[in-house]
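Chemist: I would like the atomic coordinates for the input below:
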Amino acid sequence: MMINKWLLEEKHNQIINLPHSGYIRTRMMKDKNGSFITIIDISNGKMHFTVLPERGLDIGELYLGAQKMSWDRSEEYLFHPSNVDLNESNGTGWMKGFYGAVAAIGPELFGTPGEGFTLHGSGSYSVTEPESIQVNWDEQSVRIEGKVPVINRHGELLFEKRIQMSTVWGSSLILREESVINKSRYMQVLDDGYHIQLSGSYIHQGGRYVLPASQHELLIRDSAPLEEDPFHIPSNKEAYPMRCYQYVPRPVDGLYEFDKVIPYLSKMNLSRGLTGEMIINTENTHAGYVIRPLFDFPRSLIAKQIDDSFMFAIEPCRTRPNRMSQKITDGEALYLLKGEELSSCCLIGLSDSEMEIRNLENMILTAVTTIK
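Modeler: Numbering: from 1, shown residues only. Next up, the predicted model:
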């Protein structure tokens, strides 16, 4: 099998044509402080997504054909890490550069700042080593990969992340794989996950979450106002204060038969099963979904808000978003020894097939109604 390779190596403002009407396109932009940000756009012929090397290889935007499936977020929020102080505003500076459709959370903390930690950790503000970035493609798929050193707030190397994202030609799904190595001198807690923002303009007239949990299993956080239906997504014309729900997702057995997932099963630790979550518009014409092994990310959150943006997210994670001391007390903390490595993966999918959307929704809802 012939494997083709493209290296970044400062090749900007160019288009590389790939098989099956795919392409690689690169450009440079300046953030509001004048620092350069690299944007790599990858198409598999059906979907395309942007990758942000200066931001931990986060996915910036997602498109299915011409339809943008991730949120409409101004590039004013896309900052180079050197222009964001994570310690700002009582450790919540992470929000200043909140941009990605798929933003890395952790790896040192998922959730609440304090006790020496900042909100959501530093993975999304870690610069990928430019020489490590490459795109490979063959007859089956196209892949981008890179190495991300994660520096803590004291300027010390904490972890190293090796990231690969792959997509099959003509498909509407991306597999994101991460291997995290403890590069520090001491044992560290690995506490990571993703903020996945699949509420694009297709859902601005409203929609719903489809989750492998019943309503009474969703725990609302931070004394937010209660609502009658936590699965409901209002239209973008409505005022909607910030709400977050945490829950333990159930396994979704039907996913083993989902044709788009089957090619990736061999890459997953299936010992605790698979789970899946969706966001669907009111018309049932478009949906975004997240599928992953429960071994990697056994917990979930959803984050909901309408203010200057339309934020309805899915957040797979290892632990509840509590302070680290609480995670340790509850026995949730996962420790990595010096030099130890742990891998995880997550599938991010898009759909404009009403039949596929209906079938996937039924799989997830069956997990809720089935008593095991």
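Chemist: Name the nearest residue to the residue minimising distance to the centre of the chain, sequence neighbours excluded.
Modeler: Nearest to the mean C-alpha position of the chain, by CA atoms, centre = their mean, lies Val102 at 3.3 Å. Excluding the flanking residues, the one nearest Val102 by CB to CB, 6 or more residues apart in numbering is Ile59, at 3.8 Å. For glycine as for every other residue, the C-beta is placed from the backbone atoms N, C-alpha and C.
Chemist: number of nearby residues for the one you found?
Modeler: 24 (other CB atoms under 10 Å).
Chemist: Could you measure from the residue nearest to the centre of the chain over to Pro225?
Modeler: Look at Val102 and Pro225: by CB to CB, to the nearest Å, they are 28 Å apart.
Chemist: Next: Ser300.
Modeler: 21 Å.
Chemist: And Arg162, by the same measure?
Modeler: For Arg162, the distance to Pro225 - CB to CB - is 42 Å.
Chemist: what about stretch 278-290, how long is it end to end?
Modeler: 7 Å (CA to CA, to the nearest Å).
Chemist: Need the mean per-residue confidence for that stretch.
Modeler: For stretch 278-290, mean pLDDT rounds to 98.
Chemist: where do the strands sit along the stretch 51-200 of the chain?
Modeler: For the stretch 51-200 of the chain, the strands defined by DSSP state E, counting those that start in this stretch cover 58-64, 67-68, 102-105, 134-137, 141-151, 157-168, 173-182, 188-190, 193-197.
Chemist: wait, which of these is closest to Leu336?
Modeler: strand 173-182 (4.1 Å; CB to CB).
Chemist: Let's see the pLDDT reported for Gln67.
Modeler: We have a pLDDT of 95 for Gln67.
Chemist: ignore the last one, Arg153
Modeler: For Arg153, the pLDDT comes out at 73.
Chemist: Could I get the contacting residues of it?
Modeler: Contact analysis of Arg153 by CB atoms under 8 Å, 6 or more residues apart in numbering lists 86-87, 116, 118, 122.
Chemist: Likewise for Leu57?
Modeler: The contact partners of Leu57, taken as CB under 8 Å, 6+ apart, are 51, 104, 128, 144, 146, 148, 163, 165.
Chemist: could you flag which of those residues are buried?
Modeler: Neighbour counting with 16 or more other CB atoms under 10 Å marks 51, 104, 128, 144, 146, 148, 163, 165 as buried within the contacts of Leu57.
Chemist: from those residues, which single one is nearest Trp6?
Modeler: Ile144 (9.1 Å).
Chemist: doesn't Ser171 make contact with Leu347?
Modeler: No - using CB atoms under 8 Å, Leu347 is not in contact with Ser171, being 10.6 Å away.
Chemist: any idea where the helices of the stretch 1-150 of the chain begin and end?
Modeler: For the stretch 1-150 of the chain, the helices defined by DSSP state H, counting those that start in this stretch occupy 88-91.
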